[in-house]
Every structure is written in C-alpha cells, then in structure tokens.
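1. Here is a sequence together with a model predicted from it:
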Amino acid sequence: MIEKTYSFAQNNQEYEVYTLTNVNGLKMDVLTYGARIINLFTPDKNGVLGDVLIGYATPEQQCGAHGYYGATVGRFANRIGGAKFTLNGAEYVLEQNDGKNTLHGGNTANFDAQNWQAEIIENSLVLSHFSPDGAGGYPGNMTVKVTFTLTDDDEVRIDYFATTDKDTLCNLTNHAFFNLGGQDTVLSHELMIKARKMTPVDDELIPHGEVVDIDGTPYSFYPAKKVGADIFSNAPLIKHCNGYDFNYCLEKAGNNLEHFAYLYDEQSGRKMDCYTTLPAVQLYTCGKMDFNGKKHYGVHAGLCLETQGYPNSPNCPAYPSTVLKAGETYRETTIYKFSVVK
C-alpha cells in the first residue's frame, strides 16, 4: 500500500511524504525533497519493528540540511576530479563543492536538493525530475525518474530511468545510511562485498584510472568480516579516511541484476542482502560524522553501500563509461532485501 501521509510548506514549496507498507508490516517513508528515503522500519528477530536508517528526526529538517541522508544523488554520484570533463571534444566545467572537485552533482542543480514530482503507479512510487541543459555545468536536457517499490518479499527496490537530448553524464545512486541494530556504531555488523578489486585514490579521494587487487588486505570484505575488523589498521587509505570511503569493483557479469553484498547484525538478527545492475559500489563508513538527528550520531554510526558507476570515470577512459547518449535510456536497478536470522 502507498499513501501520501504528510505534507508541509518550506522555502516557498510544498513537500510531500509518502508511506509504503507491505503485507509483512515493513514500512518506508519517502520524501519528495531529494527523492529520499527518510525512514525504513523492518522487524528484528523478536518481531519488533525498528528504523534501520540514520538521518534527521523530521521531514522539515531534511530540507536544506547538510548531508545526503537517503537521497537520490545525481547527475553524477561520487567525485569528478578537477570539477571538469571533456565530452565529444568540448570541455564542461562543473561546480566545485569538494575542494577543487565536484561531489554528488555539485551544489545548485544536484538532485538531492530538488523537489521531485510524485505519482503512485500500481504498487510503486514514481518520482520525477527535469534537469535543464547546463544545470550544474552538465550538458543536455535530462528527464529522470526513480521508482521506489516495497515488495511483499521485503525488498526495497529502486529503479532508475533517465533520458537526454544531448550526450551527457549519468551516474545515479541512493545515499541511504544503514545501521541495522540501532547501536552507536556499525563496527560489530558483518559485511560482505563481492569484490576483489577497488579503485585507489589520491589524498582528495579521486581515482585516476587504476584498479588494484585487494584480496587478503584490510580493504577487502570478500569473504565477509566485521566492519570494525580492520577499520583502525595502518593501511594508508583507511587511515586517511578514518575508515572506508572507497569504490569497489564488483565481481559480476555485465549489467545483470546480481547479488553483490550483505550486511548482518547479530544482535538484532537483521540481514540486508544487496543486488544491483551497476558495476561498482562505494562503501562509506562515516569517518567524520557528528550530528544530531533521530539521535546523536558519531563516527562510524552507519554505513552506505552506494551502487554506482566508477568515480571520475569521465576523466578515466580505462573505467566503464558513464556517458548517456542522446536518444538512449539509462536503466539501472538496486535492491536491498531484508530478512531475519534467528
């Protein structure tokens, strides 16, 4: 079931909250500002519902606030080095909002700060946004739709669609911050990411076309281990980030929808299995977090599994392309499936 459960006016706009529930009692709240998931209630091993997302306490606090909590991120998720790229022989200059680089689409036309249009279609909530040619420095008039579905198999399914009238970049993700048990940190959570390689980064977290093997290193979560197992290691990049903020190259066949990760909290019994059509995922473990929301959140309070194309790929020909050509359609899917281990 899907229904509009709340609305409010702010910044001369009307924002809406839609609540999705399934036959098993799972509940998800989606806010039109940033097309973001703001609450997600799933049962623990005792059948008690709990919110597995960290974020702000009210929808009103989300609007204009710092952070990407649960938001749809675009046009380009993650970082583009030097805030510029060349496409079809033309150079495009983007907004610098991460030092001299661009992060998550910039700071004026970024999708997480837009009020999306909502429509209920059958068992899904469809949110739409039009991004005009030149918005944030990106070429092409782009129409984007994100479909949220809470299935009766306890899946949060996110389908992304985009079209453009001019060749452009498209790399969309959802930036949910998960904590399955409500603990102060996720260090005791068990995590598996099906990846034997990652893209190494410089001091500004920009990759430059390389891919490195991570088998047997503190960077690897394949096989599974506790999030905190190596988070305080002396591995240079982990030390630099006070944890993990890296792009993992998934072991999967092309653009098929495949299982790529799971997150498990033994205390609550909650498990989250992750599937995607995309080639990579950014693991972020909140190495600098300190804010008051639903509660006070400190360092390592949650983690993100942001499915994506490779960061800085427009400037790295060796990486899979994130170019969306005029007349083509961007179609990608990510699923977070919840279960209980008793």
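-> Now that the structure is in, tell me what you want to look at.

2. what are the ranges of the strands in the stretch 1-150 of the chain?
-> Remark: strands assigned in the stretch 1-150 of the chain by DSSP state E, counting those that start in this stretch are 2-10, 13-21, 27-31, 36-43, 49-51, 72-73, 79-80, 84-87, 90-93, 102-103, 117-121, 124-131, 142-150.

3. got it, and the stretch 151-300 of the chain?
-> Counting by DSSP E, counting those that start in this stretch, the stretch 151-300 of the chain has strands at residues 155-164, 168-169, 173-174, 190-193, 195-199, 212-213, 225-226, 245-250, 258-264, 270-276, 280-284, 291-292, 296-297.

4. which residues does residue 27 bridge with?
-> With beta bridges defined as DSSP bridges, residue 27 has these partners: residue 21, residue 41.

5. how many neighbours does the residue lying closest to residue 179 once chain neighbours are set aside have?
-> Spatial nearest neighbour of residue 179, excluding adjacent residues (CB to CB, 6 or more residues apart in numbering): residue 302 at 4.4 Å. Bear in mind the C-beta positions are built from the backbone N, C-alpha and C, glycine included. Using other CB atoms under 10 Å, residue 302 has 23 other residues around it.

6. looking at the strands of the stretch 1-150 of the chain, which is closest to residue 325?
-> Residue 325 sits nearest to strand 84-87 of all those, at 10.2 Å, using CB to CB.

7. List the buried residues for the closest one?
-> Buried residues in strand 84-87, counted by 16 or more other CB atoms under 10 Å: 84, 85, 87.

8. go on, stretch 196-210?
-> Using 16+ other CB under 10 Å as the test for burial, stretch 196-210 gives 196, 197, 198, 199, 200, 201, 205, 206, 207.

9. so residue 137 sits right up against residue 96, yeah?
-> No: the criterion here is CB atoms under 8 Å, and residue 137 misses it with residue 96 at 10.1 Å.

10. list residues touching both of the two?
-> residue 83 (CB atoms under 8 Å, 6 or more residues apart in numbering).

11. Looking only at neighbour counts, state which of these two leads.
-> Neighbour totals were compared for residue 137 and residue 96, and residue 137 leads with 19 against 15 (other CB under 10 Å).

12. so what's residue 3 up against?
-> Contacts here follow CB under 8 Å, 6+ apart; on that basis residue 3 touches 18, 19.

13. who's it bridged to?
-> Beta-bridge pairing for residue 3 (DSSP bridges): residue 19.

14. From residue 130, how far off is it?
-> Distance of residue 3 to residue 130, given as CB to CB, to the nearest Å: 25 Å.

15. Contact partners for residue 208?
-> By CB under 8 Å, 6+ apart, the contact list for residue 208 reads 81, 202, 312, 315, 316.

16. Can I get those in a markdown table including distance to residue 228 and pLDDT?
-> Conversion of the contacts of residue 208 to a markdown table gives the following (distance: CB to CB, whole Å; pLDDT from 0 to 100):
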| residue | distance to residue 228 | pLDDT |
| --- | --- | --- |
| 81 | 30 | 98 |
| 202 | 26 | 96 |
| 312 | 29 | 98 |
| 315 | 34 | 98 |
| 316 | 31 | 98 |
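
17. Could you turn the buried ones of those residues into a ChimeraX selection?
-> Restricted to buried positions by 16+ other CB under 10 Å, the ChimeraX selection for the contacts of residue 208 reads:
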select :81,312,315,316
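
18. Tell me the one of the contacts of residue 208 nearest residue 7?
-> Among these, residue 312 lies closest to residue 7 (CB to CB), at 38.6 Å.

19. Please name the nearest non-neighbouring residue to the closest one.
-> Distances taken as CB to CB, 6+ apart place residue 81 nearest to residue 312, at 4.8 Å, with adjacent residues excluded.

20. Hmm, that neighbour is touching residue 206, no?
-> Yes: with contact defined as CB under 8 Å, residue 81 reaches residue 206; the gap is 4.1 Å.

21. circling back to that earlier point, quick one: closest of the strands of the stretch 151-300 of the chain to residue 181.
-> Nearest to residue 181 among these is strand 270-276 (6.7 Å), distances taken as CB to CB.

22. So what are the sheet partners of that closest one and their directions?
-> Here strand 270-276 is paired, per DSSP bridges, with strand 258-264 (antiparallel), strand 329-340 (antiparallel).

23. what are the C-alpha coordinates of it, in PDB please?
-> C-alpha atoms of strand 270-276 as PDB (Å, rounded to 0.1, in the frame of the first residue of the first chain):
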ATOM      1  CA  ARG A 270      18.500  -8.300  10.800                       C
ATOM      2  CA  LYS A 271      20.200  -9.100   7.500                       C
ATOM      3  CA  MET A 272      20.200  -7.000   4.300                       C
ATOM      4  CA  ASP A 273      21.100  -8.600   1.000                       C
ATOM      5  CA  CYS A 274      22.000  -6.300  -1.800                       C
ATOM      6  CA  TYR A 275      21.600  -6.600  -5.600                       C
ATOM      7  CA  THR A 276      22.400  -4.300  -8.400                       C
END
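
24. residues in contact with that strand?
-> With CB under 8 Å, 6+ apart as the criterion, strand 270-276 contacts 42-45, 50, 52, 178, 180-181, 250, 257-265, 281, 305, 307, 332-341.

25. buried set for that strand?
-> By 16+ other CB under 10 Å, the buried positions in strand 270-276 come out as 270, 271, 272, 273, 274, 275, 276.

26. Looking at the residues you listed, which is nearest residue 35?
-> Looking across the buried residues of strand 270-276 and measuring by CB to CB, the closest to residue 35 is residue 276, at 17.7 Å.
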